[in-house]
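Trainee: What follows is a predicted structure for the sequence shown.
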Amino acid sequence: MGSLPGDRPILYDNQRTIGRSLSMLASIMFGFVIVTLMMWCGRVTANFAAQRGRSRRIWFIWGALLFPLFPAQWFVLGLLPKK
């Protein structure tokens, strides 16, 4: 009896598959944390801007986009005159 390609069992590399799924899970969790942090920074900046008489929407966007420089938005808002 000859060996046919369909007769051999299919071997899967489970360790490689598990490693890929864990790295994908870590990437998704990291992205979720970053988006949550962006939303929080945008909201805090927007609330501070509203207290200073500025547009809440625009400062929410600026606060979310510039979240790595979080206190910088407050310095800029502090230097701007109240409306």
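Mentor: Now that the structure is in, tell me what you want to look at.

Trainee: okay, Val35: pLDDT?
Mentor: On the pLDDT scale, Val35 is placed at 96.

Trainee: Okay, it and Cys41: tell me how far apart.
Mentor: According to C-beta to C-beta, to the nearest Å, Val35 stands 11 Å off from Cys41. For every residue, glycine as well, the C-beta is placed using N, CA and C.

Trainee: the more surrounded of those two?
Mentor: Neighbour count, other C-beta atoms under 10 Å: between Val35 and Cys41, Cys41 has more, with 22 against 12.

Trainee: hang on, the more buried one packs against Ala64?
Mentor: Yes - using C-beta atoms under 8 Å, Cys41 is in contact with Ala64, at 6.2 Å.

Trainee: Identify the contacts common to those two.
Mentor: Common contacts of Cys41 and Ala64 (C-beta atoms under 8 Å, 6 or more residues apart in numbering): none found.

Trainee: which stretches of the chain have low pLDDT?
Mentor: By pLDDT under 70, the low-scoring segments of the chain are 1-19.

Trainee: hmm, 80 instead?
Mentor: 1-21, 70, 83 (pLDDT under 80).

Trainee: would you list every one of the helices in it?
Mentor: Here the chain has its helices, by DSSP state H, at 14-51, 56-65, 70-79.

Trainee: from the ones you listed, which stretch is densest packed?
Mentor: Mean neighbour count (mean count of other C-beta atoms under 10 Å) peaks for helix 56-65 among the helices of the chain, with a mean of 18.

Trainee: what angle sits between it and helix 70-79?
Mentor: 150 degrees (axes from the mean of the first three to the mean of the last three C-alpha atoms, to 10 degrees).

Trainee: Helix 56-65 - contacts with which helices or strands?
Mentor: Where contact means 3 or more C-beta pairs under 8 Å, 6 or more residues apart in numbering; DSSP states H and E, helix 56-65 is packed against helix 14-51, helix 70-79.

Trainee: quick one: Leu65 from Met24, how far?
Mentor: For Leu65, the distance to Met24 - C-beta to C-beta - is 26 Å.
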